[in-house]
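Undergrad: this one's sequence-less:
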């Protein structure tokens, strides 16, 4: 879940705008007790949008920050919505890309400070689908997701899913028609990137043993491409029959 925290009237107005735009988000205006509440949200894995001073965020979260592989993404915005700063989990938690998306929506400036933006990223697609989903539906969904992520199929290294989809004919045919490897990963492998998911589904977990097929498969595959940690660049998007996510990693 996305927790939007605002401390001023102007920040509350901006928070309402973001709450209306972002699915699975909730605005909290001057939550009390402040530090304990925000720390609890963070420790529970909620992504945070903090509309306040950066110093307040750092002093509040410093006691509960673990590491870049576990911590949820945190963005800091000024109350006018002019700047969006990915404060924590820029690469690993997807905060950098999330900041770019929020900045685009607000016509703001994303302030990216993490290293390696100049390196050539490697991209991997993760997909899930209901049994018997057609290649045509999967292709249309993939093409729409690529367009929204401002990517082309030539930039994609592989199509990926969970091992129970290894015989899924639509996915097999899609990868073959695009001349891309179709790779399937088991739930133990996919569980290693669980902390980096932008959203989690209890239903999916109870069905296949991971909290998300598309994002998990994309992250794990991207990680294998370079040996470095990966990040989500296009969060899970779904139709009534399929899901798609895109992740990237940078060469060491």
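TA: Yes, it's here. Predicted model, so just to flag it, every value in this text is computed and none were measured. Numbers count the residues shown, from 1 in each chain.

Undergrad: walk me through the domains of the protein.
TA: What automatic domain parsing lists as the domains of the chain is 2-110, 122-249.

Undergrad: can you list these in TSV and add mean pLDDT and mean neighbour count?
TA: Heads up, the C-betas are built off the backbone N, CA and C, glycines and all. What follows is the domains of the chain, written out as TSV (pLDDT from 0 to 100; neighbours: other C-beta atoms under 10 Å):
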stretch	mean pLDDT	mean neighbour count
domain 2-110	90	18
domain 122-249	94	20
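
Undergrad: centre of the chain to whatever helix or strand residue 206 lives in, how far?
TA: According to DSSP states H and E, residue 206 maps onto helix 202-208. Put simply, helix 202-208 sits 19 Å off its chain's centre (C-alpha atoms, centre = their mean, to the nearest Å).

Undergrad: what distance separates the helix or strand following that helix from the centre of its chain?
TA: Under the assignment DSSP H and E, the closest C-terminal helix or strand after helix 202-208 is helix 213-226. Offset of helix 213-226 from its chain centre (C-alpha atoms, centre = their mean): 12 Å.

Undergrad: swap in stretch 177-197?
TA: The chain centroid and the centroid of stretch 177-197 are separated by 15 Å, computed with C-alpha atoms, centre = their mean.

Undergrad: cool, and stretch 209-216?
TA: The chain centre lies 12 Å from the centre of stretch 209-216; the measure is C-alpha atoms, centre = their mean.

Undergrad: and the end-to-end length of it?
TA: 11 Å (C-alpha to C-alpha, to the nearest Å).

Undergrad: ok, and what's touching it?
TA: Contact with stretch 209-216 is made by 126-128, 161-162, 165, 185, 187, 190-191, 193-194, 196-202, 204-205, 232, 235-236, 243-245, 247, as judged by C-beta atoms under 8 Å, 6 or more residues apart in numbering.

Undergrad: now residue 144, nearest residue through space, not along the chain?
TA: residue 237 (7.9 Å; C-beta to C-beta, 6 or more residues apart in numbering).

Undergrad: sheet partners, orientation included, of the host helix or strand of the one you found?
TA: In the assignment (DSSP H and E), residue 237 maps to strand 230-238. If you go by DSSP bridges, strand 230-238 pairs up with strand 242-249 (antiparallel).

Undergrad: what angle separates the strand it pairs with from helix 213-226?
TA: Strand 242-249 and helix 213-226 are oriented at 30 degrees to each other (axes from the mean of the first three to the mean of the last three C-alpha atoms, to 10 degrees).

Undergrad: strand 242-249: how far from the chain's middle?
TA: Taking mean C-alpha positions (C-alpha atoms, centre = their mean), strand 242-249 and its chain are 9 Å apart.

Undergrad: do stretch 30-49 as well
TA: On the basis of C-alpha atoms, centre = their mean, stretch 30-49 sits 19 Å off its chain's mean C-alpha point.

Undergrad: what residues does that stretch touch?
TA: Counting by C-beta under 8 Å, 6+ apart, 1-7, 15, 18, 25, 28, 50, 60-61, 63-64, 71-75, 77, 93, 98, 102, 195, 198, 200 sit against stretch 30-49.

Undergrad: got it, and stretch 173-190?
TA: Residues outside stretch 173-190 that contact it (C-beta under 8 Å, 6+ apart) are 127, 135, 138-139, 142, 153, 156-163, 165-166, 171-172, 208-210, 213, 216-217, 220-221.
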